[in-house]
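Participant: here's my sequence, what's the structure:
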Amino acid sequence: MLAKIKINTVVCAIFLAFALFYFYVAMGLKYWGSVYAPGPGFIPRWTSGAMTVLSTFALINSFKEEGPTLSEILPKERSSRINLFVCWGALLFLLFFVTKLGFNVTASVALSAMLSRGTSWIKAILIGVSLTLICFLVFRVLLQMQIPVNQFGW
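Facilitator: Next up, the predicted model:
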């Protein structure tokens, strides 16, 4: 199955999905601010419309052209491929849950998942939690930056 899917097609489909989502969000904004001035939805609507049109052309063009397939780009070894998917899964987990669970919990889980592929799970958890706490102390305490926290403040 991966031998037939081209990387250009996947990237164009992702751009098209993003452009359609961006257009959906832009439609919720007011198009005109007053009679003679554009509103906050004017530029997002036009840029997302242009992205949608260009992504559609690129997607259609990707079906016609030859290019590298996913099987050529992804690692050949099963363990390397699993490592890649674990890294992407940890990144997506961090992206979607950092505002709900807080930085410390999500970063600890994501780092522990990524490190568990090469070491024992106890060592991975210890390193993941300690690195997360170091980052939290540096950015929250020393640099006084805003970091997403959960209801308990961590």
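Participant: how far away is I147 from A50?
Facilitator: 35 Å (CB to CB, to the nearest Å). No exception for glycine: its C-beta is placed from N, CA and C like everyone else's.
Participant: also A110?
Facilitator: From A110 over to A50 (counting by CB to CB), the distance is 35 Å.
Participant: neighbour count: those two, which is higher?
Facilitator: A110 (23 against 12; other CB atoms under 10 Å).
Participant: hmm, C87 and the more buried one touching each other?
Facilitator: No. Counting by CB atoms under 8 Å, A110 stays clear of C87, with 9.2 Å between them.
Participant: this protein: helices as residue ranges?
Facilitator: 7-26, 42-64, 70-73, 78-101, 103-115, 121-136 (DSSP state H).
Participant: pick the most deeply packed of these.
Facilitator: For those, average neighbour numbers computed from mean count of other CB atoms under 10 Å are highest in helix 103-115, which has a mean of 21.
Participant: output the contacting helices and strands for it.
Facilitator: helix 78-101, helix 121-136 (3 or more CB pairs under 8 Å, 6 or more residues apart in numbering; DSSP states H and E).
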